[in-house]
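# The amino acid sequence is not available; the structure is as follows:
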């Protein structure tokens, strides 16, 4: 299978600060990446679709000014949580689409964010 | 109606038995179907994908697709305690780059 990495794997930050999470597709190019958030014992929640070279598409209810997404290259997308608050503490997971016959979606290992 | 429906479980099976996980979807134009395994505290891992009607086998896993009835299933033979996880069904919709996930079925394999 394809490999998607995320960095950092976990981060603790103080309320009001910003945190950047990187998502990389290591062995394939990905024109499309997704960002998800998952709270404990809950389902994946799609936050936004990140397209290389264009603006991200945000799901309803997700603040685009708070969750900044930049898809700078075919292998890198970043999510910046700005002015983080304790309610932003969650498990953030990115995924990348390997285009082909079936458009498989591969997930990164996730980033656990704790805002104190 | 949700795009993808799964029974949340938990589904409990004894070690060595066959676990059968089911999923239905609403978009008749869907072309690709995926099963992910998610362990607690980890991200989802792709274990099977299928896009043609019928069965696809990979080791102990068999994915079954019936487009006319709009359902996908995953069979796990010789279930092991290490198979205990939440299994997510995902469907690539007819719209470009739209994927829909079920809420997952929790599987418990008892030793």
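Looks like it arrived, so ask away. Every value quoted in this text rests on a predicted model; they were computed, and no experiment measured them. Numbers count the residues shown, from 1 in each chain, chains lettered A, B, ... in the order given.
# For the helix or strand of chain B with the lowest mean pLDDT, what is the distance to the chain centroid?
In chain B, the helix or strand scored least confidently by mean pLDDT, DSSP states H and E is strand B:99-101, which has a mean of 91. Remark: strand B:99-101 is offset 12 Å from the chain centroid, using CA atoms, centre = their mean, to the nearest Å.
# Please name every helix or strand in contact with the helix or strand that that strand is followed by.
Per DSSP states H and E, the first helix or strand lying C-terminal to strand B:99-101 is strand B:105-110. Counting contacts by 3 or more CB pairs under 8 Å, 6 or more residues apart in numbering or on different chains; DSSP states H and E, strand B:105-110 is packed against strand B:11-14, strand B:19-25, strand B:85-92. Using the backbone N, CA and C atoms, a C-beta is placed for each residue, glycine as well.
# Now render those strands as CSV, adding distance to chain A and mean pLDDT.
Shown next, in CSV, are the helices and strands packed on strand B:105-110 (distance: least, CB to the nearest CB, whole Å; pLDDT from 0 to 100):
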stretch, distance to chain A, mean pLDDT
strand B:11-14, 17, 97
strand B:19-25, 14, 97
strand B:85-92, 6, 96
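# Would you mind giving those strands as a markdown table with mean neighbour count added?
Listed next are those as a markdown table, based on neighbours: other CB atoms under 10 Å in any protein chain shown:
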| stretch | mean neighbour count |
| --- | --- |
| strand B:11-14 | 14 |
| strand B:19-25 | 21 |
| strand B:85-92 | 24 |
